[in-house]
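**Student:** Coordinates only, no sequence provided:
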């Protein structure tokens, strides 16, 4: 069988995209998904996303996301933004979109290759002396450091991801952050499922922006996040119940379209 697929990237966070509205790809085919994400034996990507028909009448489509290891995963912010760009390419949506992912409903806006994705509300930020922990659709451990460029993200991230602290909850993503000023944060992220540093992480930079505000490191509610793959923006509102109206914004680019023999 020849399978048509697409490759998208959002600030270097790259994904294999498949139009699965006709259910050609089984969500239980872990072996195939892992192979497609393999950078030597497949297409290569930080994850794979299936675009499927919506379960809810008011939605435009459904997002089904898998980590590069072939297993279903929690929400992926950059993946969600790239999927909106893919849906736009397919003619499913134009300037706005509504879809449901594993963490619930989302809405998005797209204009000239820039996609803004509304994230879920955050009601709890666990502040510790050395780190913060919060869930922005995916779990994130946030550490502020003096020089993020000198950090061994793969080693330290793996140690925290597999530590006793998170073992019962299937691990966590880990973000290393350097504050540049009140509006700009430099971020490097270790992602579980990829088990390595990625060029960017959407739910990660969202968690970083909120953690920075909650700990008083920044006062702005519009934050620029510099990642190895490029710049993202996060804006939010602070309420008595937590953080709401959270938007993640950045580029989402189609890299190529192709076929692979399965």
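**Tutor:** That came through, no problem. Quantities reported herein were computed from a predicted structural model and do not represent experimental measurements. Numbers count the residues shown, from 1 in each chain.

**Student:** what's the spacing between stretch 176-194 and its chain's center?
**Tutor:** Distance of stretch 176-194 from its chain centroid, counting by C-alpha atoms, centre = their mean, to the nearest Å, is 13 Å.

**Student:** Now do the buried residues in that stretch.
**Tutor:** 176-179, 185-194 (16 or more other C-beta atoms under 10 Å). C-beta: built from backbone N, CA, C; applies to glycine.

**Student:** Repeat that for stretch 254-262.
**Tutor:** Neighbour counts over stretch 254-262 (16+ other C-beta under 10 Å) mark residue 254 as buried.

**Student:** At which residues are the helices of the stretch 51-200 of the chain located?
**Tutor:** Assigned by DSSP state H, counting those that start in this stretch, the stretch 51-200 of the chain shows helices spanning 77-89, 153-161.

**Student:** can you put the ones you listed in JSON lines and add distance to residue 198?
**Tutor:** Below are the helices of the stretch 51-200 of the chain laid out as JSON lines (distance: least, C-beta to C-beta, whole Å):
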{"stretch": "helix 77-89", "distance to residue 198": "9"}
{"stretch": "helix 153-161", "distance to residue 198": "10"}
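
**Student:** Just say which of these is most tucked in.
**Tutor:** helix 77-89 (a mean of 27; mean count of other C-beta atoms under 10 Å).

**Student:** what distance separates it from the centre of its chain?
**Tutor:** How far helix 77-89 lies from its chain's middle: 11 Å, per C-alpha atoms, centre = their mean.

**Student:** do stretch 94-114 as well
**Tutor:** Per C-alpha atoms, centre = their mean, the centroid offset for stretch 94-114 relative to its chain is 13 Å.

**Student:** For it, give me every contacting residue.
**Tutor:** 54-56, 58-65, 72-75, 80-81, 83-85, 87-88, 93, 115-120, 137-138, 249-253 (C-beta atoms under 8 Å, 6 or more residues apart in numbering).

**Student:** Burial check on residue 53, number of neighbours?
**Tutor:** Residues near residue 53, counting by other C-beta atoms under 10 Å, number 12.

**Student:** Run through the residues that contact it.
**Tutor:** 21, 61-62.

**Student:** about what we covered before: now tabulate the buried residues of stretch 176-194 in JSON lines and tack on distance to residue 126 and pLDDT.
**Tutor:** Converted to JSON lines, these look like this (distance: C-beta to C-beta, whole Å; pLDDT from 0 to 100):
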{"residue": "176", "distance to residue 126": "18", "pLDDT": "98"}
{"residue": "177", "distance to residue 126": "16", "pLDDT": "98"}
{"residue": "178", "distance to residue 126": "21", "pLDDT": "98"}
{"residue": "179", "distance to residue 126": "20", "pLDDT": "98"}
{"residue": "185", "distance to residue 126": "19", "pLDDT": "98"}
{"residue": "186", "distance to residue 126": "23", "pLDDT": "98"}
{"residue": "187", "distance to residue 126": "19", "pLDDT": "98"}
{"residue": "188", "distance to residue 126": "21", "pLDDT": "98"}
{"residue": "189", "distance to residue 126": "18", "pLDDT": "98"}
{"residue": "190", "distance to residue 126": "18", "pLDDT": "98"}
{"residue": "191", "distance to residue 126": "20", "pLDDT": "97"}
{"residue": "192", "distance to residue 126": "18", "pLDDT": "96"}
{"residue": "193", "distance to residue 126": "22", "pLDDT": "93"}
{"residue": "194", "distance to residue 126": "24", "pLDDT": "95"}
